[in-house]
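# I'd like to go over a predicted model; first the sequence, then the structure.
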Amino acid sequence: MNIIFMGTPDFAVPCLEKLINEKHNILAVYTQIDKPVGRKQILTPPPVKTCALEHNIPVNQPTTLKNEIELEKIKSYNADIIIVVAYGKILPKTVLESAKYGCVNVHASLLPKYRGAAPIQWAVLNGDKETGVTIMQMDEGLDTGDMLLVEKTEIGENETSEELFDRLSLIGANALSKALVEIENGSITATPQPDCDYGYAQKITKELCDIDWSKSNEEIHNQVRGLQTWPCASTKLNGKNVKIHKTVLSNMTGKNCGEVVSNKNAITVCCGNNKCVDILELQLEGKKRVDAKSFLAGNRIEIGTILGE
């Protein structure tokens, strides 16, 4: 098929690579503008741009698609279909209707649940046991179009959003491949999304980082998993900020929220339901991420220490 591909982050790269490997004709790639990254603010291209250039595919980085010049440029490609994977821009109706088969989106949730910007993180933050990828025919709404294909997968008890991100990107690429075959041969069935209001998966912000130790151990474990690797769940330890990178649910119990009840190999902390989490990896402000055993070797944490104060 003759394809325009629109995408920006790492999540979209496996889809683009799958299309290239299957010998589709990628007419052009649309992606976000290069942005400053890191402490030195080095201007860095999006991962999709890097992938496209490696395969000598033309790259467009318009700041908006809502003008006649960009619309005419898109139309001039005469694409069979536009594939959209985490592009990061709302497409106007004129773009949605500019290709033979319209625009098809790869969305990392079981729609209509988790429409919006951060479906993977919120599935983990909310402790969902299952998620997946929906291949969707795009319309003018935000992730509201008809579903073309759905692939489900379980979420592991200790799986982080970063790990799930990587798995879903591959599941999405394979699902897209299947859907394109069915679209081209006319066997695809479009199914309207159920009329359910789950709200939207809003962008992840640093305001979500602070751990409230009065919550249950499962909620706190989900917070740690869901905020990996950015912006990371965090708490106070002896007045210093510390990022919590990895936890598991503990069999131990305690009495006081945020209290350290064990400091052998892991830092075991009591939560609001009197059950505990084991902190396995953490990072004191200004220091590197280390496992709990290494942290305890260099930092004295007494039994009874209260985190969060």
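Yes, it's here. Numbering: from 1, shown residues only.

# Residue 273: neighbour count?
Around residue 273 sit 15 other residues, with neighbours defined as other CB atoms under 10 Å. The C-beta positions use only the backbone N, C-alpha and C, and glycine is treated the same way.

# residues contacting it?
Residue 273 sits next to 216, 217 when contact means CB atoms under 8 Å, 6 or more residues apart in numbering.

# Just the pLDDT at it, thanks.
Per-residue confidence (pLDDT) for residue 273: 96.

# Could you pick out the longest helix of this protein?
Of all segments of type helix in the chain, defined using DSSP state H, the longest is helix 161-185.

# Need the nearest residue in space to residue 147, chain neighbours excluded.
Closest residue to residue 147 apart from its sequence neighbours, by CB to CB, 6 or more residues apart in numbering: residue 191 at 4.8 Å.

# can you give me the helices for the stretch 101-250 of the chain?
119-125, 161-185, 217-226 (DSSP state H, counting those that start in this stretch).

# Nearest to residue 47, out of the ones you listed?
Closest to residue 47 of those, according to CB to CB: helix 161-185, at 10.6 Å.

# residues contacting the spatially most central residue of the chain?
Centrality entry for the chain: nearest residue to the mean C-alpha point is residue 120, 4.3 Å, by CA atoms, centre = their mean. Residues in contact with residue 120 (CB under 8 Å, 6+ apart) are 108, 109, 131, 161, 164, 165, 168.

# List just the nearest of these to residue 70.
Nearest member of the contacts of residue 120 to residue 70, counting by CB to CB, is residue 108, at 26.5 Å.

# residues near that closest one, how many?
Look at residue 108: counted by other CB under 10 Å, it has 26 neighbours.

# same question, the one 10 residues further on
Taking other CB under 10 Å as the criterion, the count of residues near residue 118 is 19.

# do you know how far it is from residue 108?
In this view, residue 118 and residue 108 are 9 Å apart by CB to CB, to the nearest Å.

# so what sits against both of these two?
Common neighbours of residue 118 and residue 108 (CB under 8 Å, 6+ apart) do not exist.

# Can you give the strand pairings for the strand ranked longest in the chain, parallel or anti for each?
Counting residues, the longest strand found in the chain (DSSP state E) is strand 240-253. Strand 240-253 sits in its sheet next to strand 233-237 (antiparallel), strand 275-284 (antiparallel), going by DSSP bridges.

# can you put these in JSON lines and add distance to residue 19?
Listed next are the strands paired with strand 240-253 as JSON lines, based on distance: least, CB to CB, whole Å:
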{"stretch": "strand 233-237", "distance to residue 19": "36"}
{"stretch": "strand 275-284", "distance to residue 19": "37"}
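
# Can you lay out these as TSV showing distance to residue 248 and mean neighbour count?
Converted to TSV, the strands paired with strand 240-253 look like this (distance: least, CB to CB, whole Å; neighbours: other CB atoms under 10 Å):
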stretch	distance to residue 248	mean neighbour count
strand 233-237	14	21
strand 275-284	5	21
